[in-house]
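[1] I'll drop the sequence and a predicted model, then ask my questions.
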Amino acid sequence: MEDLRNKYIEAIAAAADEPALEELRVQAVGKKGEVSLKMRELGKMTPEERQVAGPALNALKDEINSALAAKKAALADAALDARLKTEWLDVTLPGRNRRQGTIHPVSQVMDEVTAIFADMGFAVAEGPQIETDWYNFDALNIPGHHPARAEMDTFYTHRAEGDNRPPHVLRTHTSPVQIRTMEKTGAPIRIICPGRVYRADYDQTHTPMFHQVEGLALGKDISMANLKWVLEEFFSAFFGTHVETRFRASHFPFTEPSAEVDIQCSWEGGTVKVGEGDDWLEVLGSGMVHPKVLEAGGIDPNEYQGFAFGMGIDRIAMLKYGIPDLRAFFDSDLRWLRHYGFAPLDQPTLHGGLSR
């Protein structure tokens, strides 16, 4: 027994790694290990021999197990020390600054617009960005010869030869959402439709993809006077000062009568100041919904009437926050985003303030 003890204690002390240590454990105290085989021989001994050999074998087994555990811990400590020498970290160094992202001006202004119109009882409606020709043009009383339907102005999706499905386009406005909402809910309606729209144009004030918000209100006695009140309330809340509006007669296929809307402003030093002065700035188109558009949406034009309007979110963002070039909205320039971006917690509310 003393020979067994010396053999394994020395071997365990000399073990170089954990696999070698495991092999020694199996040889010594495994099911077929030498110590285990010795313990099986206890049954062949006399009671007197068993009383002496039994405790001695148990003590030997415990000593070998203790040596194995101690060696395993020592090997783990040595491995950790070696790793720390190659992967050291100075915990006294100051922490690294994490740069915080900002909210894009388009997202911020979209939230501001939603907050204002929600306070006036308008719900938010959304729809697909790829629309059929019917929803994007026909249902809105836009004839087939209208310039907006030309491929130089509208992005059409390609169809395989023999595909007889109606043509699809990247929506050129969010007006199709109005038709879909009319079909779904009927009248009365009071909604705004914010979202991305697409037109084949690109310069300082136009991009192929931009953002638009349209409004629709239908009822039995809604008039242009209601439209003027809604728009003046919106612009006054949005710009934080009372803003006068001016309607100019115009023509849109989906409204009759139609009006371009100007807001009061002044030009000083090349900058626009809204809500003061004697100048006017065109900001949106509007009018009373055309009876054919109501019919396309499943609404009886003899019973209901209402107004609609549409404006560019990017445009009013430029106007409010002094952003000179529309293309910069989509350049992903981090310097621009840090300058014009908003803090994530700067949530626009009417009672807490729409913006910083």
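    Yep, it's here. Numbers count the residues shown, from 1 in each chain.

[2] list the helices and strands the longest strand anywhere in the chain packs on?
    Secondary structure assigned by DSSP state E gives strand 255-268 as the longest strand of the chain. Judged by 3 or more CB pairs under 8 Å, 6 or more residues apart in numbering; DSSP states H and E, strand 255-268 is in contact with helix 224-239, strand 245-252, strand 271-274, strand 279-289, strand 305-312. Every C-beta, even on glycine, is put in place using the N, C-alpha and C of the backbone.

[3] okay, buried residues for the third one please.
    Residues 272, 274 are the ones in strand 271-274 that count as buried (16 or more other CB atoms under 10 Å).

[4] could you do the second one as well?
    With burial defined by 16+ other CB under 10 Å, the residues of strand 245-252 counted as buried are 245, 247, 252.

[5] among those, which one sits closest to Lys273?
    Distances from Lys273 to the buried residues of strand 245-252, taken as CB to CB, are shortest for Thr245 (15.9 Å).

[6] deepest of the helices and strands packed on strand 255-268, which one?
    strand 305-312 (a mean of 22; mean count of other CB atoms under 10 Å).

[7] ranges for the strands of the stretch 1-150 of the chain?
    Secondary structure of the stretch 1-150 of the chain (DSSP state E, counting those that start in this stretch): strands located at 123-124, 130-132.

[8] got the end-to-end distance for stretch 25-34?
    10 Å (CA to CA, to the nearest Å).

[9] buried set for it?
    Buried-residue list, stretch 25-34, by 16+ other CB under 10 Å: 25, 28-29, 33-34.

[10] in terms of secondary structure, what does the helix-or-strand element of the chain with minimal mean pLDDT contact?
    For the chain, scoring each helix and strand by mean pLDDT, DSSP states H and E identifies helix 34-40 as the least confident one, at a mean of 77. Under the contact definition 3+ CB pairs under 8 Å, 6+ apart, helix 34-40 sits against helix 2-14, helix 18-29, helix 47-86.

[11] how far off centre is the last one?
    Taking the mean C-alpha point of helix 47-86 and that of its whole chain, the gap between them comes to 57 Å (CA atoms, centre = their mean, to the nearest Å).

[12] from Glu49, how far off is Glu41?
    10 Å (CB to CB, to the nearest Å).

[13] correction: Ala67
    27 Å.

[14] just want to know which of these two has more residues nearby.
    Legend: neighbour count by other CB atoms under 10 Å for Ala67 and Glu49, higher for Ala67 (22 against 12).

[15] how about low-confidence regions in this structure?
    Applying pLDDT under 70 to the chain flags the ranges 144-152, 159-163, 202-206, 346-356.

[16] what lies in contact with stretch 37-49?
    Here stretch 37-49 makes contact (CB atoms under 8 Å, 6 or more residues apart in numbering) with 1, 4, 50, 53-54, 57, 61.

[17] among the residues you listed, the buried ones, what's the PyMOL command?
    What follows is the PyMOL syntax selecting those of the contacts of stretch 37-49 that are buried according to 16+ other CB under 10 Å:
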select buried, resi 53+57+61
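
[18] between the contacts of stretch 37-49, which is closest to Thr102?
    Lys61 (67.2 Å).

[19] any idea which of the helices and strands packed on helix 34-40 is most buried?
    Of those, helix 18-29 is the most buried (mean count of other CB under 10 Å), at a mean of 16.

[20] the inter-axis angle of that one versus helix 2-14?
    170 degrees (axes from the mean of the first three to the mean of the last three CA atoms, to 10 degrees).

[21] centre of the chain to the least confident helix or strand of the chain, how far?
    Relative to its parent chain, helix 34-40 has a centroid offset of 67 Å by CA atoms, centre = their mean.

[22] setting aside sequence neighbours, what's the nearest residue to Lys220?
    Tyr304 (6.2 Å; CB to CB, 6 or more residues apart in numbering).

[23] I figured Lys71 hits Ile12, correct?
    Yes. Look at Lys71 against Ile12 with CB atoms under 8 Å: they come within range, at 5.2 Å.

[24] now do the shared contacts for the two.
    Common neighbours of Lys71 and Ile12, counting by CB under 8 Å, 6+ apart, are Leu21.
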